[in-house]
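Q: Need the 3D shape of this:
(chains A and B)
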2 protein chains.
Amino acid sequence: MTLTRFGSKLILAAGVVAVGTASSAMAQSMSDVQKIAKERGLTTQDLIAAAQTYTPTGMLDEYVIMSSGGHSGQVFVIGVPSMRLLRSIAVFTPEPWQGYGYGVGNEILDEGNVMGKENRWGDTHHPALSETNGDYDGEWLFINDKSNARMAVIDLRDFETKQIVKNPLFINDHGGAFVTPNTDYIFQTAQYNVPWGADYAPMSEYKESFRGAVTMWKFDRKKGRIDKSKSFAIELPPYWQDIADCGKLESDGYFFLNSINTELATGGFGVKGEKNPPFEAGVSMNATDYLHIINWKKAEKVYQAGDYTMIKDFPVISLKTAIAEGLLHLTPEPRSPHGVDVTPKGDFIVVSGKLDPHTTIYSFAKIKKAIADKNYSGRDEFGVPVLDFDAVMEAQVEVGLGPLHTQFGPDGYAYTSLFLDSAVARWTLGGVYGPLNPEPDWTLVTKTPVHYNIGHLGAAEGDTVSPDGKYLVAYNKWSVDRFVGVGPLLPQNFQLLDISKQGTDMPVIYDMPLGIGEPHYAQIIKADKLNPWSVYPEIGWDPQTQSVDPWAPRPKMERVERTGEHEVEVYMTSVRSHFTPEHVTVKQGDTVIWRITNTERAVDATHGFSIPVYNITLSLEPGETAKFEFVADVAGTFPFYCTEFCSALHLEMMGYLMVEPNE
Amino acid sequence: MTLTRFGSKLILAAGVVAVGTASSAMAQSMSDVQKIAKERGLTTQDLIAAAQTYTPTGMLDEYVIMSSGGHSGQVFVIGVPSMRLLRSIAVFTPEPWQGYGYGVGNEILDEGNVMGKENRWGDTHHPALSETNGDYDGEWLFINDKSNARMAVIDLRDFETKQIVKNPLFINDHGGAFVTPNTDYIFQTAQYNVPWGADYAPMSEYKESFRGAVTMWKFDRKKGRIDKSKSFAIELPPYWQDIADCGKLESDGYFFLNSINTELATGGFGVKGEKNPPFEAGVSMNATDYLHIINWKKAEKVYQAGDYTMIKDFPVISLKTAIAEGLLHLTPEPRSPHGVDVTPKGDFIVVSGKLDPHTTIYSFAKIKKAIADKNYSGRDEFGVPVLDFDAVMEAQVEVGLGPLHTQFGPDGYAYTSLFLDSAVARWTLGGVYGPLNPEPDWTLVTKTPVHYNIGHLGAAEGDTVSPDGKYLVAYNKWSVDRFVGVGPLLPQNFQLLDISKQGTDMPVIYDMPLGIGEPHYAQIIKADKLNPWSVYPEIGWDPQTQSVDPWAPRPKMERVERTGEHEVEVYMTSVRSHFTPEHVTVKQGDTVIWRITNTERAVDATHGFSIPVYNITLSLEPGETAKFEFVADVAGTFPFYCTEFCSALHLEMMGYLMVEPNE
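A: Have a look, this model is predicted:
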């Protein structure tokens, strides 16, 4: 093992460097504009005029980005190359425009309650599109909540969240969502470790009581739901497991997962009597961390054979079993890695350690051989075999400072984000990819500055078995001086790069501020792979079951019906430009069960529906039916109305809920 | 009075026409692209390539749109001409990215509770920038919540919501926010009328018990808050008061407000035994509705003289007093109007009735004279004097179908949105504006098709005393086929028009989908009028008080302190890349009072802070301090962490909250 290969240009104080980088990049951004203008003999006014003249109004985008929204808890859908925000999808956070969590969708959010408590936000990090044979199929989207270790399922027929599951074993995850090449499973891995189920244990018992794990959620594509009864977990050492990727083609059946804090640091900085350094230093002491190599197909067999323990009512393959069955191997990787990315043919695994200026490329063939040969450099302190680094490493490419995440083109190029350099590096793959490009294998080709501090990046279909090239998007974390000031909370900046030409020509062609969340990772799919509905298939459609609701109100059957001494049911329809019925009278204290159907069939003919005081607001797309309930405990006169500007007479689309007071 | 002038091209079934319009406009949009390409000899690929090449990455916008977010409850800030979304501002709806309503900001949201209930969303309609001498001054932004009749105050130093007030008299408002030329008052008017305070009364008592009103919220600019103790309301007839505008210069001291449902229709369609037509028909029976002309300076004097009644603990000038004091006059206006807009010099008032193809222009000089001469055509059924229409009307311009809202340029042009035509009409003003333009006064000049169904529109500084011209934005309600499909809920479409040239040249130059809310109205301010902070002025800054918090944790003073048998206080700081202290241990059942300061001074160095289970997430901008409280009733091990990718070591910026279980 060649320790000196790592850390040759170690960053001493990343925070300071980050600020320094932003400052120098600032100067860069000013000269960019001047440079373009000068080269073309254009004034600033010319540039603006040209941009306006040539903006393709009315044209459709070729690609669509599915982006995490960070701690907004949502997903953002963005067109490429226009970089226009097409819509947000409410996932972990209630959102009234979509009518999510304000009368409808509450049961989905409640499924995600944590230890009996409502958690009405999330920290979405890594969206994963469903795949068929390793290629996006445009059907489903999955995304994790790092803050409470939850996983969500989004249906791409209507771009709505259908399910949220809470991980019963851990309370924080970063390594998710990642899918197997046919979306049999969705992976979710713990990051900041806790005792099973986030139970209490003192920090002094970290090594004994805290646990790492990866959960394999079984996805039932027919039902469109995660099937908890066929899901299980594998216990891992209490490192901070980080980002992951699933094997494909040659490496199908394997799952690759990197880690931080193999030091088992427990922090405590600033606590009286504690002598530990802060986590930022404590977790970066070792020269290397561990890449985890998991044979998930074998794990599935072990689970199906019943060789697991029930922990918190969830099947867990113990670390001991995982070792004994040969499910789990480690190998050294550059310290504090962020990305692990499998090449399109599944033959190489690219790891970037943000404290090391190289990307390190592992050969899957060599890994398989080392496993077969038991070519170990030793075992970690939990007994997991560690594959000899030199036996599995294929190449290292010095790309620059702070490499994080790698994506691929169709032409033998790889692209790595450089957080500290604020740049995107283009470099060449070797092996079968070598003949596809004119440059020598495993070589840095060029770097394009971006503004500023790029985290992840995404290339068009860039982590499938068949990347498209053409466009790459830098998901930059800071924007500093790029946009008009909007107060101390700045937008992030998605920058579009044209990667269609070979060699050093890889310009930034668009800045897109994102002032609605903190996107981390995103995937970019060809727009023509999506087959969304433009209206719901039939009138009376329940988006939660994706079928017609037999109870859906229909024209001529509208009514208000007393169904109990303290219970009233409302059957209502909405169509431009009235609700039927327009008056609903109940008694104070009644439980009101309200059903409403939008009977429109025209595309875009959405009706909103809202009731004051009771915190109710819905978005009813054409054909949709909804049901909500509340207790009418406050008496009064409450106008309900359509919140969408649905027609010239939309202001007239209203009615009154009258709650008669008790004597 | 000339009744035949109204309704000459009445829309029979607005819903059907709306669909028809969308369909024909669809064809229009396809040919648009082909036309542009053909004229310039360009292929589709050429257009895309050109758009990319000339996109001015790194350039700053000249204008900023402050847009309502409709039933998202938020405000959106958008750059012009780039049409990039710079940020959202959370107002009525909790938003975790901004850390609003998840530990911090909860008391602002609670101030907006309705009849004792949490209403955690809003329906924002009409933002109003603060003005000095009738010109935007870039300091404050106000916006209404239609759904529960609330008003919010946003500070444009940090683009954050500072106050929400609930109107005590009514439960629904549409006509707000509108400000006086020096922002002394913010107007809010009831729309769907209810008895005072939304008390219960049967619909049969509509005329007797239901009330209209306009509230004049006093704004204390020094404190940056609405001063409820100096605010009052004026009782109005129970019409549906709609959109409004404040007089300026010549008409300073007056407020103009239009109305729907002067029929006093009470609906009830679909209720057994009810014979009323649906509201959409019932409120459109009369050929005219009433423009309300309110002398607010006189009203202020009446209020200050104590001539009011306390209703629901709020001072109200009765309708009787308003009539007696000559505060309130009516005059006929085209039925079902949407916009009433005062020309830049304050000399004309433009009303658009969406069921009449004309804009109707009233002369303020004639209104004053008619009031002085008591030139009444009669009184309405509540005794309010009605000024003779012919005596106050200046001109009518036939602009097209479904005119809604009018904005102004610097060159004597007015621009009116046409909902049913899906077009923007440019027409000429007369009077002193006549010499500014080459066309005859009061004449339609051109119409530009937009896609589709435009609601409001906004011109750069277009409702100030000095409009800029240059750009106009069409706030279109439907987008139908303009963008890649994203399911049945479609984005709306803001289209940018170049209005810098005179005459018929007024092209659409950009499409901006808005898939995050339903914007209604927006104002467009020159970017250089805004003076936002890039970081908070000092470390330990409390954005709620806009001053340094003496309790703010500072470096070296961090600690966890037991302050009671069941109470613990936490003093924490955050700086790249650690929290101090990193461990917080409390006992189950403790009330935890947690203070945290971000001690950064670099622009963009925001830290997030989140705790699982307890639904806590904050966004701490550089210098900001925050305080939140919770009861640690669930025992366990809970990692807190920085949710912002703040440095290369941001993943390491974490710590543990340990809640020791009770025995």
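
Q: how near is residue A:327 to chain B?
A: 26 Å (Cβ to the nearest Cβ, to the nearest Å). In this view, the C-beta of every residue, glycine as well, is placed from N, C-alpha and C.

Q: pLDDT wise, what is that residue at?
A: With respect to pLDDT, residue A:327 scores 98.

Q: Next: residue A:285.
A: pLDDT, read off for residue A:285, is 93.

Q: got the phi/psi numbers for the single nearest residue of the stretch 251-400 of chain A relative to chain B?
A: Proximity of the stretch 251-400 of chain A to chain B (Cβ to the nearest Cβ) peaks at residue A:270, 3.4 Å away. Main-chain dihedrals, residue A:270, degrees, to the nearest 10: phi 90, psi 0.

Q: now it: how far from residue A:286?
A: To residue A:286, residue A:270 is 23 Å away according to Cβ to Cβ, to the nearest Å.

Q: Between these two, which is the more surrounded one?
A: residue A:270 (23 against 16; other Cβ atoms under 10 Å in any protein chain shown).

Q: Spit out the contact partners of that one.
A: A:278, B:558, B:579-582 (Cβ atoms under 8 Å, 6 or more residues apart in numbering or on different chains).

Q: now do residue A:282
A: A:261, A:263, A:265-267, A:276.

Q: Same question for residue A:165.
A: So residue A:165 contacts A:111-112, A:150-152, A:217, A:226, A:228 (Cβ under 8 Å, 6+ apart).

Q: Give me the residues contacting the helix or strand residue A:390 falls within.
A: According to DSSP states H and E, residue A:390 maps onto helix A:389-392. Applying Cβ under 8 Å, 6+ apart, the external contacts of helix A:389-392 come out as A:1-2, A:288, A:331-332, A:362-363, A:366-367, A:369-370, A:375, A:377.

Q: all strands for the stretch 151-300 of chain A, in order.
A: Along the stretch 151-300 of chain A, counting by DSSP state E, counting those that start in this stretch, strands occupy A:160-166, A:173-179, A:185-190, A:194-195, A:210-220, A:225-236, A:240-246, A:254-260, A:288-295.

Q: returning to that earlier point: will you turn the contacts of residue A:270 into JSON lines that also has pLDDT and distance to residue A:344?
A: Below are the contacts of residue A:270 laid out as JSON lines (pLDDT from 0 to 100; distance: Cβ to Cβ, whole Å):
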{"residue": "A:278", "pLDDT": "96", "distance to residue A:344": "40"}
{"residue": "B:558", "pLDDT": "98", "distance to residue A:344": "49"}
{"residue": "B:579", "pLDDT": "98", "distance to residue A:344": "40"}
{"residue": "B:580", "pLDDT": "98", "distance to residue A:344": "45"}
{"residue": "B:581", "pLDDT": "98", "distance to residue A:344": "46"}
{"residue": "B:582", "pLDDT": "98", "distance to residue A:344": "41"}
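
Q: Closest one of those to residue A:617?
A: residue B:579 (37.0 Å; Cβ to Cβ).

Q: which other residues reach the host helix or strand of the closest one?
A: Element membership of residue B:579, judged by DSSP H and E, is strand B:578-580. Here strand B:578-580 makes contact (Cβ under 8 Å, 6+ apart) with A:269-270, A:278-280, B:555, B:558, B:572-574, B:596, B:609, B:640, B:642, B:652-655.

Q: Name the strands paired with that strand and say parallel or antiparallel.
A: strand B:567-575 (antiparallel) (DSSP bridges).

Q: So for stretch A:197-211, what gets flagged as buried?
A: Residues of stretch A:197-211 classed as buried: A:197-198, A:200-201, A:203, A:206, A:209-211 (neighbour count, 16 or more other Cβ atoms under 10 Å in any protein chain shown).

Q: actually stretch A:484-493, sorry about that
A: A:484-493.

Q: What's the end-to-end length of that stretch?
A: Start-to-end span of stretch A:484-493 (Cα to Cα, to the nearest Å) is 13 Å.

Q: what about it and chain B, touching?
A: Yes: Stretch A:484-493 is in contact with chain B by Cβ under 8 Å from any Cβ of the partner chain, via A:484-491.

Q: Could you pull up the mean pLDDT of that stretch?
A: If you average the pLDDT values across stretch A:484-493, you get 96.

Q: what do you get for stretch A:465-481?
A: 95.

Q: Mind listing what's buried along it?
A: A:465, A:467-481.

Q: before we move on, what about stretch A:250-270?
A: For stretch A:250-270, by 16+ other Cβ under 10 Å, it's A:250-270.

Q: What is the end-to-end distance of it?
A: 49 Å.

Q: ok, now stretch A:587-603?
A: For stretch A:587-603, the end-to-end distance is 38 Å (Cα to Cα).

Q: And stretch A:190-206, by the same measure?
A: With Cα to Cα, one end of stretch A:190-206 sits 15 Å from the other.

Q: Does it reach chain B?
A: Yes: judged by Cβ under 8 Å from any Cβ, stretch A:190-206 comes into contact with chain B at A:191-192, A:194-195, A:197-203.

Q: farthest-separated two in the buried residues of stretch A:197-211?
A: A:197 and A:203 (17.0 Å).

Q: Point out where chain A drops to low pLDDT.
A: A:1-58 (pLDDT under 70).

Q: Could you pull out the helices in it for me?
A: A:14-39, A:44-54, A:106-111, A:206-209, A:279-282, A:296-304, A:319-324, A:364-373, A:389-392 (DSSP state H).

Q: picking up where we left off before, could you export the helix holding residue A:390 as CSV, CA atoms only?
A: The C-alpha trace of helix A:389-392 is given here as CSV (Å, rounded to 0.1, in the frame of the first residue of the first chain):
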residue,chain,number,x,y,z
PHE,A,389,-4.7,-1.2,-2.2
ASP,A,390,-2.0,-1.8,-4.8
ALA,A,391,-3.8,-5.0,-5.9
VAL,A,392,-7.1,-3.2,-6.7
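
Q: who touches the residue of the stretch 501-650 of chain A found nearest chain B in this structure?
A: Per Cβ to the nearest Cβ, residue A:515 is where the stretch 501-650 of chain A lies closest to chain B, at 2.9 Å. By Cβ under 8 Å, 6+ apart, the contact set of residue A:515 is A:486, A:490-492, B:77, B:85-88.

Q: and of those residues, the nearest to residue A:541?
A: residue B:88 (30.1 Å).

Q: In the sheet, which residues pair with that closest one? Tell me.
A: According to DSSP bridges, beta-bridge pairing links residue B:88 with residue B:76.

Q: Would you mind confirming that it is in contact with residue B:77?
A: Yes: using Cβ atoms under 8 Å, residue B:88 is in contact with residue B:77, at 7.3 Å.

Q: Turn the contacts of residue A:515 into TSV, including distance to residue B:451.
A: Output for the contacts of residue A:515, formatted as TSV (distance: Cβ to Cβ, whole Å):
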residue	distance to residue B:451
A:486	28
A:490	32
A:491	27
A:492	30
B:77	24
B:85	19
B:86	24
B:87	26
B:88	24
